[in-house]
Every structure is written in structure tokens, then in C-alpha cells.
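Peer 1: 3D model of this:
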Amino acid sequence: MFEEFEVIPAVDMQDGSVVQLVGGERGTETEYGDPVEAATGWVQAGAEALHLIDLDGAFDGERANADAIEAIVEACPVDLQLGGGIRTVEDATSLLAGGVDRVILGTAAVENPDIVAQISEEFPGRVMVSLDAKEGEVVVSGWTEKTGLGPAEAASRYEELGAGAILFTNVDVEGQLEGVRTDPVRRLADAVDIPVVASGGVASIDDVLALRDAGAAAAVVGSALYEGAFTLQDATAALDS
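Peer 2: Below you'll find the predicted structure:
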């Protein structure tokens, strides 16, 4: 997993469409069309992994874009990580058995940390714990509820429980195309030995390189790619140079 730094296109789904939210707030979304078309387009552009989020599931607790996700699994022979509304061991294991490479747990992992160990026992290394932070504090339930946990402290806890990777989203800069904040990423990467995937705020190729240099194993990119701030091919070329 993440043998070299990767740029991973985001396919965030809400009400059957690809969207990007600003600051994690419902009602701020910009729509970008059909999820399956978006996913296959990124694969054709050279993506080796995709980041799939069921936003309806994240907010409401029940996955609502299952048909689109199933179609993406069928159509896209790349590494797939999926989150949003995965609340039980059964949900996670059925997805992993059905072709998803990693499940992303946020709210479920905070409410029941042992779920990470339970899933990892059957599928070692294939649980990614999502630590979404507002003002330095981990938030859950679609970024609406504070937990009182710091990201580095939480990451160490989940590493001990068997998590294979950490997804860190800085909600303060998410979807704003105003640049990344590298200090939180660096602190988190220094706190654990498992890969840290960074998300939120990427506006340029320089931001991608900054996340790599801060110790991230990969960067999830949404708005910047959809808005044409740079191409996936350009980012890959910069990373290879």
C-alpha cells in the first residue's frame, strides 16, 4: 500500500452525483456529474487509486449510493478506498469481500474503537481510519460533532488496534482551493508508522509536493482536479521529476 506517493482523485457522492463540499457543509456543494463516469475518467487519466465517499452515508448513517459504488467496483480495476456510512463489522467485511480494497471508518471507529481490531483480524491492513479535524479536534458524523480527541493521539490508538492507514482531512481548508496546512500532517505522520493519507485544501501541484514532503503517503484531491487547477498527469510528472 502506497509504496510511492500517490495523488488519489476523490469521488464524493451525494444524491447520486459527484459533489465537492466547502468546509464539509451541506448546501455548499458543487456538482460534477455521474459518479461512474467520473471514476472511469480518472482511471483513463492514469489514476492508480480512487477515493470513494458516500456523503449521504456519512451524514445520515446509511449508505445511499451503493449502486454507483458497485458499478465503480465493476468498472475500475484500480485500488479503491471507500467510506461514508460504514457502521458495522458486517458492512465493512461485505465491502472488502466484494472488491473494495480499503474501508474508511470514521464515526464507527470513534464510537466503537474495537471495530477496527475486529475487521482487521479478518482483513489485515485494510482498515483506514478517518480522522477529520476542525480547529485541531477530530470531528465525526459528517464533520458535525466534536470528539475532544487530537489527531495524533487518536492515530496512535488506532494503529495499536490494527488500522492499516490513517486518512487525515483538514476540514478547515476542505474544498476551498486556498492551499494546505502541512504542520498537522507532519505531526500526524511523525506520530505513527502506518501511512497517513492527507486530504483538504489542495489547490496546486506545490500543495501536493508540500504534503509529500510533510510525510504523507498520498494526497486525496477533489476540487482542484475537478476545477482544472492542474491535471492528474501534471501532478504525476511533478512527483516524478
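
Peer 1: CA atoms for contacts and neighbours, from now on please.
Peer 2: Noted.

Peer 1: who touches stretch 102-115?
Peer 2: Outside stretch 102-115, the residues that touch it by CA atoms under 8 Å, 6 or more residues apart in numbering are 80-84, 86-89, 92, 95-96, 116, 126-132, 140-141, 158, 161, 167.

Peer 1: Filter the residues you listed down to the ones in strands?
Peer 2: Within the contacts of stretch 102-115, residues falling in strands by DSSP state E are 80, 81, 82, 83, 127, 128, 129, 130, 131, 132, 140, 167.

Peer 1: tell me the contacts of the second one?
Peer 2: Read that as residue 81. So residue 81 contacts 49, 50, 51, 52, 100, 101, 102, 103, 104 (CA under 8 Å, 6+ apart).

Peer 1: Let me have the residues you listed in TSV, adding secondary structure and neighbour count as columns.
Peer 2: Below are those laid out as TSV (DSSP: H, G, I helix; E, B strand; the rest coil; neighbours: other CA atoms under 10 Å):
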residue	secondary structure	neighbour count
49	strand	23
50	strand	24
51	strand	21
52	strand	25
100	coil	22
101	coil	20
102	strand	23
103	strand	24
104	strand	27
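
Peer 1: Output those as JSON lines; include the columns pLDDT and distance to residue 149.
Peer 2: Shown next, in JSON lines, are these (pLDDT from 0 to 100; distance: CA to CA, whole Å):
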{"residue": "49", "pLDDT": "97", "distance to residue 149": "29"}
{"residue": "50", "pLDDT": "98", "distance to residue 149": "28"}
{"residue": "51", "pLDDT": "98", "distance to residue 149": "24"}
{"residue": "52", "pLDDT": "97", "distance to residue 149": "25"}
{"residue": "100", "pLDDT": "98", "distance to residue 149": "28"}
{"residue": "101", "pLDDT": "98", "distance to residue 149": "27"}
{"residue": "102", "pLDDT": "98", "distance to residue 149": "24"}
{"residue": "103", "pLDDT": "98", "distance to residue 149": "21"}
{"residue": "104", "pLDDT": "96", "distance to residue 149": "18"}
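
Peer 1: Show me which of those residues is closest to residue 15.
Peer 2: residue 52 (14.0 Å; CA to CA).

Peer 1: shouldn't that closest one be in contact with residue 12?
Peer 2: Yes. If you go by CA atoms under 8 Å, residue 52 and residue 12 touch, sitting 5.8 Å apart.

Peer 1: measure the residue lying farthest from the centre of the chain to residue 10 for me?
Peer 2: Largest separation from the mean C-alpha position in the chain: residue 241, at 25.6 Å (CA atoms, centre = their mean). Here the criterion is CA to CA, to the nearest Å. By it, residue 241 lies 24 Å from residue 10.

Peer 1: This completes my enquiry, with thanks.
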